[in-house]
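Peer 1: Sequence and computational prediction follow.
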Amino acid sequence: MQTPGALYEQPNRASHKGFLPGILLAALLAPPLIAAIRGQAPPDVSGFEHFTRSLAEVACADGLNLVGSLYIAETILLGMLTAVAFAFPPGKHPVFTALRNQGALLSALLLLIAMPFVIAWGTDSSICERGKSFFWQSVFIEAFILAALAISYNLIFGFIGVISFGHAAFFGAGAYGVGLLIHHLEWPLGSAVLGALLVSVAMGVFVSVIALRIRGLYFAIFTLVFAEIFFVLAQNRIMVNITGAEDGFTFAVPDWINATKNRITFYYLGLAYLVGAFLLVRQIVNSPTGRVMHAIRDNEDRAIMLGYNTFTYKMLAIVLAGTLACGAGILRGLLNKGASPSVLSISFTMDPLLMTLIGGAGTFIGPVIGAFLLHLVEQALRDTVIPIAGIEINIGERWFLILGVIFIVIVIAFPTGIAGTLQSWWNKWTARRNARAPSR
Amino acid sequence: MSLQTATVLRSNTFRSSLLFSAAFIALLVLVNFALFNPGQVSVVVLSGLYQGMLFFLVSAGFSIVFGLLDVLNLAQGSFFMLGAYIGFAVYGSFPEGTPVWARFMAAIMAATLGGGLLGALTESALIRPLYARPVFQIVLTFGLGIVFTELVRAIYGPAGLIPIQPPAALDTTFPILGARFETYRVFIIVVGAVLMAAILLLLQRTRIGIIIRAGVQDSEMVQALGINIRRIFTLVFALGCAVAALGGITAAPYLGAFPSMGDQFLLSAVIVVVLGGMSSFEGTVIASILVGLTRATAEQISLQYLQTPVLASLSILLIMIVVLLVRPSGLFGREN
């Protein structure tokens, strides 16, 4: 902002806006196009279903084909450029600015797009091969779902400051809703998804209208009880013909989204949902509405005194977070092709809470970092045994214990989580650097 | 009737809340008499009292701690469980020949003391740094509950321990109006009632009780009067945990000891505290009995007519929702 005059500022900002997203779009489209030109893609790409299937077929043709290696190369290139932009002293060129602002996120996104190919490369298999490749893809799909759930939780916990202990109700409503509609009413997939989302909107409105009159702790307890009712009902024997009680139930899904047959499509679907949820929440929080949400979190009484109807904003956040959580639940239901009471249990409230806090509550990327970190580390270390002071600790078995300890340390020592702590370190570092070279 | 109920709920005096609770309990007993024979009724009432006392033992700490410290201690359930495990360990450490009642008493004492010590440690090491960030206290106790439960699971295994032997006099059943009831559950009722009386006396009749009650009203004022409120905070937190641990070891010979035993009481205890009014100890006492009786009645009804105890948990969840809507501050709570 210290550049002289608006004449320089305006064109610069206008020219770099949309610069990196444009590059990203090109980066996304280039590999399949190049592959098509070189004659690897089947000519029939009419219709969405055909398109996804044929893409999958190209990718399945051999382990690490042209598309995959191009994606990996792009990831490395963008990552290196971003690192360069960060490492060198602040340059004023719009490309540098764009890279510093968004490069890291976009590299991470490209990495996730390239990930199935990296996995296939690392495990020496094809991306469509059952076994290790499929296993790690499903680990990532679950991480996407959990990250989207954590993002939705962060919207109410981190940005508007409402504690809810009933997020599992929305998540479970997604999995159960879509499953019940497909299984019992035989709705087509699209209508079932829409139906489940509408149910979650209704639940969000219900919870808000009824419980937002009570503040803080009471709201938390109300949501805890609200979710518990669903859990009790879903797993009770009197519901055995509808929900399958404790065992849950399974349902059939269309082939193109069937994760057993076509897991790679599901992988990109999950990734798309995560990116969509991330952008939506970021857009809302950065909007004027989001400013009011911040004000409510910091001091609700003051926001009321300033004339804001805080109820509306809270309700908006709760309904939106509930719908996003429901979408994650729908994905989870479709992935497993079934639903069991565990999706309604307290652990699906606890997980997003832990992930949000560990990653950084009130930051955009925090919940995603938390979700990926916790889920991937858990999966990677599940069979590892480490000896400490003569006791052998099996990480998979003791996961919750380790998690709880990390959690307590974070709550006491790093209340802003990983993302917040790194951010403040970075700010301190750049401040010191700028102080050393004030002329720049 | 509904209009009358609403009026009673809206008036804010202690006496009318008391009256409402008494009327509700009387109504429950009447429903019981209408549906079941006298033997069943007495069993329902006794097991309602028994459940109510267990809820009380977990939630007593909740209520005082919340009133004074504004901390919702979600680890309370795991202190209940820790009490059982500490007691079992002490019980098992005696040589074979020791009389059962001595081992039993030692187990109870050790569990209470251990729970209190752990509580004091928790408050001073973990809760105290967070008084400036109340939201984080709740999530911290949540995490602490997980750690305690998982720690016990790691050490003792997930399966649970074989229940210890209570003294022979308590380990029988007795006839009541044509039905039979376990003596040990009556013992739990007695322990709960004695603790209720003891804590009420402590709060109403001792100097420390006066300080605690004053602190519930306004802790800064108490501090300004020259009282070390931090020490009182620790003491009260420890007291709450000790009561929960005592509850755990008392219940364990009947329930057994297993890592998740506290969790199943936690939700009920939260409901009791909210129903009674968060910072009112009298409210907690009455609400625990009320919830216990409701739960037992609903359990009996649903076992009789639906062959599954589903109504037991649903009934108190529904009561909770109704109370939160009609009177968010609970039966005996102060409205702010």
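Peer 2: Perfect, I can see it now. Numbering: from 1, shown residues only, chains lettered A, B, ... in the order given.

Peer 1: Report the buried residues of the biggest helix by length in chain A.
Peer 2: Looking across chain A with DSSP state H, the single longest helix is helix A:310-336. Across helix A:310-336, burial judged by 16 or more other CB atoms under 10 Å in any protein chain shown covers A:310, A:313-336. Backbone N, C-alpha and C define where each C-beta goes, glycine included.

Peer 1: the strands in the chain, which residues?
Peer 2: Since no chain was named, I'll use chain A. Using DSSP state E, the strands of chain A run over A:249-250, A:338-339, A:385-388, A:391-394.

Peer 1: try chain B instead
Peer 2: Counting by DSSP E, the strands of chain B are B:173-176, B:179-182.

Peer 1: need the contact list for the spatially closest residue to A:L24 that is not a sequence neighbour.
Peer 2: The shortest distance from A:L24 to any non-neighbouring residue, by CB to CB, 6 or more residues apart in numbering or on different chains, is to A:L106 (5.4 Å). By CB atoms under 8 Å, 6 or more residues apart in numbering or on different chains, A:L106 lies in contact with A:20, A:23-24, A:78, A:82.

Peer 1: now, which of these sits nearest chain B?
Peer 2: Ranked by distance to chain B (CB to the nearest CB), those are led by A:T82 at 33.4 Å.

Peer 1: isn't the closest one right up against A:L99?
Peer 2: Yes: the pair A:T82 and A:L99 qualifies as a contact (CB atoms under 8 Å) at a distance of 5.2 Å.

Peer 1: do you know how far A:T323 is from A:S347?
Peer 2: Using CB to CB, to the nearest Å, we find A:T323 at a distance of 21 Å from A:S347.

Peer 1: whoops, A:W136 was the one
Peer 2: 23 Å.

Peer 1: out of those two, which sits in the more crowded spot?
Peer 2: Here A:W136 and A:S347 are compared on neighbour count by other CB atoms under 10 Å in any protein chain shown; more neighbours surround A:W136, at 20 against 12.

Peer 1: Apart from its chain neighbours, what residue comes closest to B:V285?
Peer 2: Using CB to CB, 6+ apart, the closest residue to B:V285 is B:M196 (5.3 Å).

Peer 1: And for B:D171?
Peer 2: B:Y184 (6.4 Å).

Peer 1: tell me the contacts of that neighbour?
Peer 2: So B:Y184 contacts B:166, B:170-171, B:253-254 (CB under 8 Å, 6+ apart).

Peer 1: which of these are buried?
Peer 2: So, by 16+ other CB under 10 Å, the buried ones in the contacts of B:Y184 are B:166, B:170, B:253-254.

Peer 1: can I get the residues you listed in JSON lines with distance to chain A and pLDDT?
Peer 2: Formatted as JSON lines, the buried ones among the contacts of B:Y184 follow (distance: CB to the nearest CB, whole Å; pLDDT from 0 to 100):
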{"residue": "B:P166", "distance to chain A": "32", "pLDDT": "81"}
{"residue": "B:L170", "distance to chain A": "33", "pLDDT": "78"}
{"residue": "B:P253", "distance to chain A": "27", "pLDDT": "86"}
{"residue": "B:Y254", "distance to chain A": "24", "pLDDT": "86"}
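
Peer 1: Between which two of these is the distance greatest?
Peer 2: B:L170 and B:Y254 (9.7 Å; CB to CB).

Peer 1: ok, back up a step: for the residue nearest to B:V285, give its distance to chain A.
Peer 2: B:M196 is 23 Å from chain A, where distance means CB to the nearest CB, to the nearest Å.

Peer 1: tally of neighbours for that residue?
Peer 2: 21.

Peer 1: how about the residues of the stretch 201-336 of chain B that lie near chain A?
Peer 2: Within the stretch 201-336 of chain B, the positions adjacent to chain A are B:267, B:270-271, B:274, B:278, B:306, B:308, B:310, B:313-314, B:317-318, B:320-321, B:324-325, B:328 by CB under 8 Å from any CB of the partner chain.

Peer 1: Now list the buried members of the residues you listed.
Peer 2: B:267, B:270-271, B:274, B:278, B:308, B:310, B:313-314, B:317, B:320-321, B:324, B:328.

Peer 1: where does the stretch 151-300 of chain A dip in pLDDT?
Peer 2: A:215 (pLDDT under 70).

Peer 1: What residues does the nearest residue to B:G240 once chain neighbours are set aside make contact with?
Peer 2: Counting by CB to CB, 6+ apart, B:G240 lies nearest to B:G61, which is 2.3 Å off, once chain neighbours are set aside. B:G61 sits next to B:73, B:76, B:79, B:119, B:237, B:239-241, B:243-244 when contact means CB under 8 Å, 6+ apart.

Peer 1: could you measure B:G61 against B:V273, distance?
Peer 2: 10 Å.

Peer 1: Chain A contacts on the stretch 51-200 of chain B?
Peer 2: B:72, B:126, B:129-130, B:133, B:135-136, B:138-140, B:142-144, B:146-147, B:150-151, B:153-154.

Peer 1: so A:L81 touches A:L99, yeah?
Peer 2: Yes: counting by CB under 8 Å, A:L81 does reach A:L99; the two are 5.8 Å apart.

Peer 1: Same drill for the two, tell me which one is more crowded.
Peer 2: When A:L81 and A:L99 are compared for neighbours, A:L99 comes out ahead with 25 against 16, by other CB under 10 Å.

Peer 1: residues touching the residue lying closest to that one once chain neighbours are set aside, list them.
Peer 2: Of all residues not flanking A:L99 in the chain, A:A85 sits nearest, at 3.8 Å (CB to CB, 6+ apart). Counting by CB under 8 Å, 6+ apart, A:A85 touches A:91, A:95-96, A:99-100, A:103.

Peer 1: Contacts only, for the nearest residue to A:A114 once chain neighbours are set aside.
Peer 2: Spatial nearest neighbour of A:A114, excluding adjacent residues (CB to CB, 6+ apart): A:Y71 at 3.8 Å. By CB under 8 Å, 6+ apart, A:Y71 lies in contact with A:31, A:110, A:113-114, A:117.

Peer 1: so what's the residue nearest to B:A287 when sequence neighbours are not counted up against?
Peer 2: Distance criterion CB to CB, 6+ apart; nearest residue to B:A287, sequence neighbours excluded, is B:G276 at 3.3 Å. Counting by CB under 8 Å, 6+ apart, B:G276 makes contact with B:63, B:282-288, B:330-333.

Peer 1: Neighbour-wise, which one of those residues leads?
Peer 2: Neighbour-wise, those (other CB under 10 Å) top out at B:T284, 33 neighbours.

Peer 1: mind checking how far that residue is from A:L212?
Peer 2: Distance check for B:T284 against A:L212: by CB to CB, it reads 26 Å.

Peer 1: ok, now A:A259?
Peer 2: Taking CB to CB, one finds A:A259 at 37 Å from A:L212.

Peer 1: Compare the two and say which is more crowded by neighbours.
Peer 2: A:A259 (22 against 17).

Peer 1: tell me the contacts of the more buried one?
Peer 2: A:138, A:141, A:266, A:334-335, A:337 are the contacts of A:A259 under CB under 8 Å, 6+ apart.

Peer 1: If you tally nearby residues, what's the number for A:E378?
Peer 2: A:E378 has 17 neighbouring residues, counting by other CB under 10 Å.

Peer 1: no wait, B:S329
Peer 2: B:S329: 20 neighbours (other CB under 10 Å).

Peer 1: Was I right to think it contacts B:G277?
Peer 2: Yes: shown here, B:S329 and B:G277 form a contact pair, counting by CB under 8 Å, at 5.8 Å.

Peer 1: between the contacts of B:G61, which is nearest chain A?
Peer 2: B:N73 (11.9 Å).

Peer 1: I'm done for today, thanks for sticking with me.
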